[in-house]
Every structure is written in structure tokens, then in C-alpha cells.
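1. Got a sequence here, can you model it:
(chains A and B)
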Amino acid sequence: MTGDITLLGYGLSTIGPAIAVGLIFAAYINGVARQPEAQGKLQPIAILGFALAEALAIFGLVLFFIAFFVG
Amino acid sequence: MSATMTAAGLVLPMAEGESSHFPPTPGDFWQPLFAIPGTEYYFTRPMLLMAIATVILMVWLWLTTRQAALVPGKGQWLTEQVYNFGRNGIARDMIGSKEFMPFVPFLFSLFVFILLNNLMGIVPPFQNPTMARVAFPIGLTLLVYVVYHWVGLRKKGSIGAYLGGMLPSGLPGWIKPFILLLELITFFITRPLTLALRLFGNMFAGHMLLVVFIVGGWYLFKTYDPGLMLVAIPAWILGVALTAFEALVQFLQAYVFTLLAASYIGGALADEH
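-> Numbers count the residues shown, from 1 in each chain, chains lettered A, B, ... in the order given. From the prediction side, this is the model:
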């Protein structure tokens, strides 16, 4: 079997951001369930946090392509 | 890449030449249409799509606001809803109700421009997200970068005050240089880098995923092996489901880009860090 180990590395590196995004939305859903009128305030915060956590996975993707195609 | 293949690619994005497009590579996103005479540069498909998106936006906004009425018609109502979302949902929430007005046109343009360019990724005759070429998000990020530093500098008055504004108040003196270093890295490197790469990475990876399932299904189907042809069907179903998911991601990324741009501007304008 042949392949490139960077692919596995990227797969592993997405675990962290995935858990982070899950935690953020879990907290958001909890907050809205407890206080539905706070949804408007919580939503931008949740999406902001989601975007910041997701950036790590995007870095991983870019680094994967650099490692895969450059060296 | 030959001209005929790219011309075919305009109608059928994953058009097969003799060379295989599966698995997709970043090279597949390089789709020149014709060389610009006298230079070594090419006019590419994303450039054409961006021009089309700009024309659509201009026509849409002009048509729906040409005869703005107190009681809006359908078109004007839609425009007002989108504008309200950009004005209240993004600019006012992030910058604050005192200073947000001058930035509303900029943020609204960013939002609709990115949204339309992203949607190019799944709308049939176009089917190539402009932002999957990294130069386009970098260009947009440069705009945001210049704007938030410029308004920050103008608000604080001097470079020293601007740098001082990055520090949280009440820090012990000895730790200030280290925090300042971290803040400088955040302001000048991490923020623009993540802003551009997030938009690029999402569009690029999402489109690649679609290519994998749809073109991959096609390759399975083309084998004419009954077993493999059966496998092609779930691949296509997933392709359709992921297209719907892509629509969500495309909207979300346009929103997130604008939201972060607004929050950077708001952060630069804030009195206390």
C-alpha cells in the first residue's frame, strides 16, 4: 500500500478544530435553550468563535497542500 | 491546458479531456480563457465570473433602488432585507451604534460581493467559486487590512497611541513588551492571514469535495461494471446533498468574512482594548 503520510496528518489535525466547533455550538444551543430571547445576541458570538476555531483546520489544509506538492 | 478544453470547461466545469481530472488537484482550478496580448498574463475563468458577479450586482441594486418607494415592491423589499442584515446584523452589532454608519457601504458591498462570488460555485452555468483562487480573497483582505489600520490610526491620532491602544489596561509594566509583541503579531499577521485563508480554504475544499463525489461517481459509472455503477448512485446523492451544504457554507463564509472585517474595524475604533 502506498500513499502520503501528510494526508493522515491532516486528518488527525482536524480532530482539534472539530471538537472546538462542537463545543462552541453545544454552548450556543445550551444558552439558547435556557434563554431563547438571547439568541440574537449569542448567534454572532457563536459564529465568530466557530470561524476562529475553524481557521486552524484551514491552516491544516493549506499546510497539507504545501507539504504534499512542494516537498 | 488547451483552449478548446477550457472553452468546454465553461459549459461543463469538469469536462473530461483525455487527461484525467480525478482525483482533483489544485491545478484544476487554474483555468485560463485567453492570454492578454503583449503580457505573460492570462484572463482566467474566475476573473470572468467576478466580472459577471459585479455586473449582476450593479444591475440588481440599480433596478431595485431606481424608483425607491415608501411602500417597497418585491425587489426593493429584498434589497432592503439584505441591506438591513448588513447594516444592523453585522455593522451595528460589531462596530457600535455610534460610529458604524460610515462603514455600512463598505461592509454591505463586501457581503453581497463575496456572497454572489461564492454562489457562483454551485449555480449551474458558472460552477466555479471565484474565491477558490487565493488571489481574490487576498485582494479583499488587503482592502479590509488597510481600512482597519487606517481608521484605527486616524482615531488614535498617532502611531504610539495606536500601538498603546492594543494593550489591555492595568497590566504590570514588565509584561507590556511581551503582550505588545503578541498583539502586533495578531494585528499584522494572524488577522489578515486567517481572514484570507478561511475564505479561500472553505471555497477551495468545498468545491474539491463536490468534484470528488460528482466526477468520482462519473468515473465509477463509466466502468460499465454493474457493481461499480451501483456505487456511483450514492456518490451522486452525496454530491447533491453536499451541494446544498455548500450553499450554507458559502453564505456562512460571506457572513463570517464581513463579520470579522466589522469586528476588526470595531476593535480598532474602540477606546479601551
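
2. Spell out which parts of chain A neighbour chain B.
-> Residues of chain A found near chain B (C-beta under 8 Å from any C-beta of the partner chain) are A:44, A:47-48, A:50-52, A:54-55, A:57-59, A:61-62, A:65, A:69. Backbone N, C-alpha and C define where each C-beta goes, glycine included.

3. secondary structure element for the residue in chain A that chain B sits nearest to?
-> Nearest to chain B in chain A, going by C-beta to the nearest C-beta, is residue A:58, at a distance of 3.6 Å. Using DSSP states H and E, residue A:58 sits in helix A:39-69.

4. And that helix, what's buried?
-> By 16 or more other C-beta atoms under 10 Å in any protein chain shown, the buried positions in helix A:39-69 come out as A:42, A:44, A:46-62, A:64-65.

5. which helices and strands does that helix pack with?
-> helix A:5-13, helix A:15-34, helix B:191-221, helix B:226-269 (3 or more C-beta pairs under 8 Å, 6 or more residues apart in numbering or on different chains; DSSP states H and E).

6. what about 6 Å?
-> When contacts are defined as 3 or more C-beta pairs under 6 Å, 6 or more residues apart in numbering or on different chains; DSSP states H and E, helix A:39-69 packs onto helix A:5-13, helix A:15-34, helix B:191-221.

7. Any regions of the chain where pLDDT drops low?
-> Since no chain was named, I'll use chain A. Within chain A, the ranges that satisfy pLDDT under 70 run A:1, A:71.

8. hmm, I had chain B in mind actually
-> Those would be B:1-21, B:272-273, if you go by pLDDT under 70 across chain B.

9. Recalculate using a threshold of 50.
-> In the predicted model of chain B, residues B:1-18 satisfy pLDDT under 50.

10. What sits closest to whatever residue of the stretch 51-200 of chain B ends up closest to chain A if chain neighbours are left out?
-> The stretch 51-200 of chain B approaches chain A most closely through residue B:194 (4.3 Å), counting by C-beta to the nearest C-beta. Distance criterion C-beta to C-beta, 6 or more residues apart in numbering or on different chains; nearest residue to residue B:194, sequence neighbours excluded, is residue A:55 at 4.3 Å.

11. can you tell me how far the one you found sits from residue B:257?
-> As judged by C-beta to C-beta, to the nearest Å, residue A:55 and residue B:257 stand 12 Å apart.

12. And residue B:149, by the same measure?
-> According to C-beta to C-beta, residue B:149 stands 17 Å off from residue B:257.

13. Nearest residue to whatever residue of the stretch 151-273 of chain B ends up closest to chain A in space, ignoring adjacent ones along the chain?
-> Relative to chain A, the nearest point of the stretch 151-273 of chain B is residue B:201 (3.6 Å; C-beta to the nearest C-beta). Spatially, and ignoring its direct neighbours in sequence, residue B:201 is nearest to residue A:58 (3.6 Å; C-beta to C-beta, 6+ apart).
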